[in-house]
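Novice: here is my input; please provide its structure:
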Amino acid sequence: MPGVEGTTRVLAGPQGRPGAPIFAVGESLDDRDEALGSVTTSFAVVGASAVLLASLLGYLLASIGLRPIEAMRRRAGGISLDHPGERLPLPRARDEVHRLAETLNEMLERLERSFERERRFVADASHELRTPVAVIKTEIEGTLRAGDLSPDVREALVAVVDECDHLAQLAEDLLVIARAADGKLPVRLEEIQVRPALESVRERFGDRAQEHRRPVLVATPGDLVVMADPLRLRQALGNLTDNALRHGAGAITLSARPEDSGVAIGVADEGPGFEEGVAGRAFERFARGDAARTRGGSGLGMAIVQAVADAHGGHAEIRSAPNTSVVLWLPGVPEPSR
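Specialist: Have a look, this model is predicted:
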């Protein structure tokens, strides 16, 4: 419409009877459009603010409601056999979360009691096995030294000695596992001359190695000293030598040399080494290859070696040059401070 800004709405119609003059009324729609635009803008701003405020309020309420569950999750992540008796925290509110925490604490207590019973049973059983097995082995070895045995009888007695060694080693391994707390072994460190320790292992397996025509050699300088627990070191080296006799071939070499401010003690043989796919998990409990299953063994020997190494702050690894060997690295004797 001339003289009017924006869109105009016009109503026109006759004045009463037919033929009467036509009237027309008009009005600009700018005010209406402005009012509707203001209402739309208000709804957009207030609506978005309300949604944001509701979201923040909902997140805050959810966080407050889930705080006891988060506290339970953090505590559950730190519960281990290293610290028996730890339980999940109980929220103050006597609601479903509180009852869930009580139920989980009761379950943890039952599991802890069950584990403790099994550990005591394994420790007692392995301890009771050691004496009769040692007596049987001593009697059979005495019979072998006496001579006057037919080849068949001698072969049978040698096989019995091998099984006695296996049973004795298994009993010691089970005892170590039972005494271990979450993979950590208690040790009593003292200075140990490495060469006498290796010669003691050679004497321990000397008769068995001689029957199998497998010489046991010691190659180490005479002045090497490590900080170790004598019992744990003897057990680790015994496990490695037993594995070499059981699964290896040719001469067995017990060696030691200085390495990285410590001493690397290795047990090697002339056999083919570990099966493909076994070397990567050899230090896990009950890890055995297919060939090892047919020749006996419990799969605990290497795991015990790793546990002994960890307890001393050292490590164990498999090396393949020049022959396959398992190396136990232990820290040396620290130099006295001036």
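
Novice: is it fair to say His98 lies in a strand?
Specialist: No - checked against DSSP: H, G, I helix; E, B strand; the rest coil, His98 lies outside a strand; its state is helix.

Novice: what is the helix or strand containing Thr41 packed up against?
Specialist: If you go by DSSP states H and E, Thr41 is part of helix 30-78. In this structure, helix 30-78 packs against helix 96-146, with contacts taken as 3 or more C-beta pairs under 8 Å, 6 or more residues apart in numbering; DSSP states H and E. To be clear about C-beta, it is placed using only N, CA and C from the backbone, and glycine gets the same treatment.

Novice: helices or strands next to the helix it packs on in the packing?
Specialist: For helix 96-146, the elements it packs on are helix 30-78, helix 151-179, helix 206-211, judged by 3+ C-beta pairs under 8 Å, 6+ apart.

Novice: about what we covered before: now do the helix holding Thr41 against helix 96-146, angle only.
Specialist: Angle between the axes of helix 30-78 and helix 96-146 is 30 degrees (criterion: axes from the mean of the first three to the mean of the last three C-alpha atoms, to 10 degrees).

Novice: now helix 30-78: average pLDDT?
Specialist: What helix 30-78 shows for mean pLDDT is 86.

Novice: oh, and call the first residue 25 from now on, that's how I've got it
Specialist: Sure, I'll start counting at 25 from here, so that last one is helix 54-102.

Novice: mind saving the C-alpha coords of stretch 209-217 as CSV?
Specialist: In CSV, the C-alpha atoms belonging to stretch 209-217 read as follows (Å, rounded to 0.1, in the frame of the first residue of the first chain):
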residue,chain,number,x,y,z
LEU,A,209,58.2,-64.1,47.8
PRO,A,210,59.8,-63.2,51.2
VAL,A,211,63.6,-63.4,50.9
ARG,A,212,66.5,-63.2,53.3
LEU,A,213,69.4,-61.6,51.4
GLU,A,214,73.0,-62.4,52.1
GLU,A,215,76.2,-62.5,50.2
ILE,A,216,76.6,-65.7,48.2
GLN,A,217,79.6,-66.9,46.3
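
Novice: list the contacts of stretch 38-46.
Specialist: Under the criterion C-beta atoms under 8 Å, 6 or more residues apart in numbering, residues Ala36, Gly37, Phe47 lie in contact with stretch 38-46.

Novice: span of that stretch from start to end?
Specialist: By C-alpha to C-alpha, to the nearest Å, the extent of stretch 38-46 from end to end equals 4 Å.

Novice: mind checking how far that stretch is from the chain centre?
Specialist: Per C-alpha atoms, centre = their mean, to the nearest Å, the displacement of stretch 38-46 from the mean C-alpha position of its chain is 100 Å.

Novice: I'd like the average pLDDT over it.
Specialist: Across stretch 38-46, the per-residue pLDDT values average to 79.

Novice: equivalent analysis for stretch 327-340, please.
Specialist: In this model, stretch 327-340 carries a mean pLDDT of 88.

Novice: still on that earlier bit, out of the helices and strands packed on helix 120-170, nearest to Ala306?
Specialist: Taking C-beta to C-beta, helix 175-203 is the member of these nearest to Ala306, at 14.9 Å.

Novice: tell me the angle the closest one makes with helix 120-170.
Specialist: Using the same axes, to 10 degrees, helix 175-203 lies at 150 degrees relative to helix 120-170.

Novice: which strands and helices lie in contact with helix 175-203?
Specialist: Using 3+ C-beta pairs under 8 Å, 6+ apart: helix 175-203 touches helix 120-170, helix 230-235, helix 254-271, helix 325-335.

Novice: can you put those in a markdown table and add mean neighbour count and distance to Thr64?
Specialist: Formatted as a markdown table, the helices and strands packed on helix 175-203 follow (neighbours: other C-beta atoms under 10 Å; distance: least, C-beta to C-beta, whole Å):
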| stretch | mean neighbour count | distance to Thr64 |
| --- | --- | --- |
| helix 120-170 | 13 | 45 |
| helix 230-235 | 16 | 95 |
| helix 254-271 | 22 | 80 |
| helix 325-335 | 23 | 70 |
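
Novice: figure out which of the ones you listed is closest to Thr348.
Specialist: helix 254-271 (9.5 Å).

Novice: list the helices and strands the closest one packs on?
Specialist: helix 175-203, strand 214-217, helix 218-228, strand 276-283, strand 286-292, helix 325-335, strand 349-355.

Novice: nearest to Glu165, of the ones you listed?
Specialist: Once those are compared by C-beta to C-beta, helix 175-203 is nearest, at 6.4 Å.
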